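> From the sequence below, what's the structure:
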Amino acid sequence: MKAGIQTALAVMFPPRCLGCGGIVDSDFALCGPCWRDTPFITGLSCDACGVQLPGQGGGGPVHCDDCLRRPRPWSQGRSVLMYRDLARRLVMALKHGQRTEIARPAALWMARAGADLVRPDMIVAPVPLHWSRLFRRGFNQSALLADAVARHVGLAHCPDLLSRPRRTRSLDHRSVSERFDELHDAIRVHPGRHRRVAGKPVLLVDDVMTSGATLAAATDALRQAGSGDVFVLTLARVAKDA
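Okay, here's the model as predicted:
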């Protein structure tokens, strides 16, 4: 009976591509053309932020110009997509279009990309939103991703490890220096979570990395609270040509 109902529902409401809305074989999938047009990061990438780099690997960790120019306070970083084209549309749909179902496959991609960052006793935590933005949006897209990533890699998820007591201004169209100034001391470890984070490695999860100012502020807060090494994992990375 149950199988018959599921079959009927599949006929009435077939799975749709997350990108174009076309019919696909399974839920939460991309069709062939959309998969081909999605700028997944493959091959050589920056060991600190995950951005794709020209050339081939094999000679040890390498870093992009941005990370060489401004060394990151975290240990390593990975990303899944270059923030352009269909990848940008997917991120925007998740973030502003109430398309929370995108978090499900995105988190699986992230878990695979960040598999080598996993450490014993690591805590997975999202970059927080200020309460006013959380109230307006209704959810924190980074928390959705972090929760699913944690389940995929078998780690503990602490959604309120970090807080954002001060609402920052929009970072759109601001310079790198302005972004870092605006985020300075804007993120804190939750007062009730200091013991939990003490000495523990942390995997910070966010949807997009642009300048790295938000992730740097979160990393600084964790290190000041006595955490172990901090690693970052993002769904998408903005590059200069994005």
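
> which stretches of this structure form strands?
76-82, 123-126, 156-157, 162-163, 188-189, 202-209, 230-237 (DSSP state E).

> Just put the ones you listed in CSV and tack on mean pLDDT, distance to residue 145 and mean neighbour count.
In short, each C-beta sits where N, CA and C put it, glycine included. Putting these into CSV (pLDDT from 0 to 100; distance: least, Cβ to Cβ, whole Å; neighbours: other Cβ atoms under 10 Å) gives the following:
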stretch, mean pLDDT, distance to residue 145, mean neighbour count
strand 76-82, 98, 10, 24
strand 123-126, 98, 7, 26
strand 156-157, 98, 10, 15
strand 162-163, 96, 14, 20
strand 188-189, 96, 20, 21
strand 202-209, 97, 5, 25
strand 230-237, 98, 6, 27
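
> want to try a markdown table for the ones you listed, with distance to residue 134 as columns?
Formatted as a markdown table, the strands of the chain follow (distance: least, Cβ to Cβ, whole Å):
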| stretch | distance to residue 134 |
| --- | --- |
| strand 76-82 | 24 |
| strand 123-126 | 11 |
| strand 156-157 | 17 |
| strand 162-163 | 11 |
| strand 188-189 | 15 |
| strand 202-209 | 14 |
| strand 230-237 | 19 |
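
> nearest to residue 224, of those strands?
strand 188-189 (7.6 Å; Cβ to Cβ).

> That closest one pairs with which strands, parallel or anti?
Neighbouring strands of strand 188-189 in its sheet, by DSSP bridges, are strand 162-163 (antiparallel).

> List the contacts of the strand it pairs with.
Contacts with strand 162-163, where a contact means Cβ atoms under 8 Å, 6 or more residues apart in numbering, come from 125, 126, 127, 128, 187, 188, 189, 190, 218, 221, 222.

> The fifth one touches residue 126, doesn't it?
No. Under the criterion of Cβ atoms under 8 Å, residue 187 lies out of contact with residue 126, with a separation of 11.3 Å.
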